[in-house]
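generate a structure from the sequence data that follows.
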Amino acid sequence: MANEVTVPLLPCASIDDIETFYGALGFRTTYKQRKPHGCVAVQREDLNLQFFEIAGFDPEQSYGSCLVISADIEGLHRAFAAGMRAAYGKVLVSGTPRMTRPRARKNADGSGGFSVIDPGGNWIRVFRDAATAPKPATTPAGRLTKALANAVVQADSRGNVGQAVRILDSALARPQADDDPVEQVEVLVYRAELAMVLHDSKTAAEMLACAQSVTLTEDESERAAPAFDNAAELAAALR
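Numbering: from 1, shown residues only. Coordinates of the predicted model:
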């Protein structure tokens with residue numbers, strides 16, 4: 001048979017918190033019950049998620065996760081970000097819930113992806129459909145890009161923010177004359193984002209200031225534009 005549908009069933013501490021959060025992301029509630037056990041189902045176009053409530057559940061200890069395959073991860077991220085800004089006044093980049101930005105994933109053959117960590121501590125991992133993924137760049141990556149790729153695997157995929165920080169701090173502590181300035185900006189901005197995840201606003205502000213101070217040519221400024229867009233989002237969240 002074909003056309004089967006799989007709907008993940010994920011744990012949470014409060015179905016009300018889940019309903020509110022996913023409502024902000026553009027989902028509608030398709031089912032909700034309190035007894036004999038709390039559960040809620042939400043839907044956004046073809047994306048369906050269901051949640052069950054566990055008394056005393058700790059979201060920080062959750063192993064709940066699922067994959068979402070999309071042909072337009074950037075569009076989905078923009079929609080989620082807009083919903084967060086409308087509901088919370090900013091894109092949530094730290095704490096629970098939060099959302100990472102779309103980035104190439106070394107552990108997914110370079111395919112782009114981002115994650116939503118919801119109030120239940122569940123990781124909704126959005127990946128680009130392989131059939132629509134652009135071909136990987138053939139230009140050799142510099143040492144900073146390699147460090148960034150390794151850090152993204154640790155933080156965005158595995159949730160090991162501490163290890164990602166150690167990777168980036170080690171790379172930034174050993175500047176080299178041939179480092180690509182754009183790669184430097186990208187690393188500094190991501191390091192700022194990780195600092196915010198760790199609730200270290202002082203380091204985040206320092207990293208964003210360092211990124212702004214990197215000298216760039218006109219061409220390099222164009223290449224670094226996505227990183228600076230992220231930096232502006234992070235700066236707004238720091239206020």
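
how about residues contacting stretch 75-93?
Stretch 75-93 is contacted by residues 24-26, 70, 98-102, 114, 116, 126, 193, 196-197, 233-234, 236-237 when judged by C-beta atoms under 8 Å, 6 or more residues apart in numbering. (Glycine included, C-beta is placed from N, CA and C.)

inside helices: which ones of the residues you listed?
Using DSSP state H, the subset of the contacts of stretch 75-93 located in helices is Ala24, Glu193, Met196, Val197, Glu233, Leu234, Ala236, Ala237.

quick check: the last one touching Met196?
Yes - between Ala237 and Met196 a contact is recorded at 6.7 Å, counting by C-beta atoms under 8 Å.

just the element for the closest residue to Leu172 other than its chain neighbours, please.
Using C-beta to C-beta, 6 or more residues apart in numbering and skipping residues adjacent in sequence, the residue nearest Leu172 is Val187, 6.4 Å away. Using DSSP states H and E, the secondary-structure element containing Val187 is helix 181-197.

next secondary structure after that helix?
Using DSSP H and E, the next helix or strand after helix 181-197 towards the C-terminus is helix 201-213.

any buried residues in that following helix, and which?
Under the neighbour-count criterion of 16 or more other C-beta atoms under 10 Å, helix 201-213 has Thr203, Ala204, Ala205, Met207, Leu208, Cys210, Ala211 buried.

cool, stretch 219-226 as well?
So stretch 219-226, judged by 16+ other C-beta under 10 Å, has buried residues Glu220, Arg223, Ala224.

could you export it as CSV, CA atoms only?
Output of stretch 219-226 as CSV, limited to C-alpha atoms (Å, rounded to 0.1, in the frame of the first residue of the first chain):
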residue,chain,number,x,y,z
ASP,A,219,31.7,41.4,-1.9
GLU,A,220,32.4,40.0,1.5
SER,A,221,29.7,42.1,3.1
GLU,A,222,27.2,40.6,0.6
ARG,A,223,28.3,37.1,1.5
ALA,A,224,28.0,37.9,5.2
ALA,A,225,24.5,39.4,4.9
PRO,A,226,22.7,36.3,6.2
